[in-house]
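Student: here's a sequence, model it:
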Amino acid sequence: MKRIFITLAFLIFFGIGVSSLHAQTQKFNFSYSSIESAKAVRLPDPFSTEEREDPPIKEEITLDYKDIQQQSIGYEWLFSDSHNFKKLSYPVKMSCEIYDSHPDLRISGNGIYDSEGNLKRIILLRRENDLNPLVGNLEISEYNGIFSIEYGKEGKSIQDKIFRALYAYDYTHNKYGIKNNLNANTKYAIENLVGIQSKDEEIEKIAYEYKAARELKYIYGKGPRAAEFNVLWNRVSKNYPIIKAHREKMNNDIAQRWYMQVVSDHKERIYVCSKISRISDLCFNVEYTDGSTNKVILKATVEFYQVPIKKYSVESFQLVQNPQRYEWRVKDAQFIE
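Tutor: Numbering: from 1, shown residues only. Below is the predicted model of the structure:
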């Protein structure tokens, strides 16, 4: 009896197709829980040939397991070959894993870098945000950037940005008659909230830089780096009026209440992140299905890119600098009717 169960578990895990995975439903959750411990979570080894008595019980882990197989084609060695942790100082300073089988590559966080520290590939993109998951014998971390579509402050995760395509659809189709008698400020706020305009992201990046530079001014406003810092401060301090005007526009009561309502409406519907597949070394496709019909209703492309530390930037004055840091952008998010 036990062997029958093992065999069934193996067949379920390795034999089910995408259509079966679609049937696993989970409501989209707009809240974000903080990580309470640094305990590593071990994912099943996607490339193991050993039978397991206990298949994963969490739906998202099951889907992640299937996706990692596709995302890692040609790079299966990451999770099985021997590697050693190194702290390098030249030609670039970085902490990384180096594999005997691929000595020219540097594995750090969730990225693969060349010997000069240039990002060549993102290892994986998954749903859940367990801290430092283990895949095979490799520990993945957020040291250089995220590996989960759910990670981030409320409204700021990859998943949140993808879901804005739903709200943009509601806006363009005049849900609740919002476009009737729409004034300029309300239009500006809504179109930035749903991602039709990109001013909000642009100006919030400027706002972050301004706030950080204002705090750094107490350290670098005087001293040996004062002249260098003043170049930064003279540039960013001019942006305060732009930041203030933008935030006043975004604090539009009608826009905020309409946005809260459509977000609430979509909480009532079941959206399943059914597939995260690799397109290239730095790009992934993310698909969502309707939990009741299994039909694909939302697609997006997520692209990762390295962020260099430029002279006269906020990052160049931070005590802890990470030239291997990468960020992401959502491209071509579309709702499929």
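Student: give me the below-cutoff pLDDT ranges for the stretch 101-250 of the chain.
Tutor: 131-132 (pLDDT under 70).
Student: can you pull out the strands in it?
Tutor: Per DSSP state E, counting those that start in this stretch, the stretch 101-250 of the chain carries strands over the ranges 106-108, 111-113, 119-122, 134-135, 138-139.
Student: just checking, what packs against the third one?
Tutor: To tie it back to what came earlier, the one meant is strand 119-122. strand 111-113, strand 296-306 (3 or more CB pairs under 8 Å, 6 or more residues apart in numbering; DSSP states H and E). For the C-beta atoms, the positions are set from N, CA and C on the backbone; glycine is no exception.
Student: equivalent analysis for the second one, please.
Tutor: Contacting strand 111-113 under the criterion 3+ CB pairs under 8 Å, 6+ apart are the following elements: strand 106-108, strand 119-122.
Student: that strand: partners in the sheet, and parallel or antiparallel?
Tutor: Strand 111-113 has its sheet partners listed here by DSSP bridges as strand 106-108 (antiparallel), strand 119-122 (antiparallel).
Student: ranking these by burial, who's on top?
Tutor: Neighbour counts averaged per stretch over the strands paired with strand 111-113 are highest for strand 106-108, at a mean of 22; criterion: mean count of other CB atoms under 10 Å.
Student: my guess is R269 meets Y288, correct?
Tutor: No - using CB atoms under 8 Å, R269 is not in contact with Y288; the gap is 10.4 Å.
Student: of these two, who's got more company?
Tutor: Y288 (24 against 13; other CB atoms under 10 Å).
Student: now the helix or strand where the more buried one lies: how far from the chain's centre is it?
Tutor: In the assignment (DSSP states H and E), Y288 maps to strand 283-290. Strand 283-290 has its C-alpha centroid displaced from the chain centroid by 13 Å (CA atoms, centre = their mean, to the nearest Å).
Student: list the buried residues in it.
Tutor: The neighbour-count check on strand 283-290 (16 or more other CB atoms under 10 Å) flags C283, F284, V286, E287, Y288, T289, D290 as buried.
Student: one more: stretch 170-179?
Tutor: D170, Y171, I178.
Student: quick one: contacts for the first one?
Tutor: Contacts of D170 were listed using CB atoms under 8 Å, 6 or more residues apart in numbering, and they are V194, V262, D265.
Student: with distance to S141 as extra columns, can I get these in TSV?
Tutor: Listed next are those as TSV, based on distance: CB to CB, whole Å:
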residue	distance to S141
V194	33
V262	35
D265	36
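Student: now, among those residues, which is nearest to Q256?
Tutor: Set against Q256, the nearest of the contacts of D170 by CB to CB is V262 (11.4 Å).
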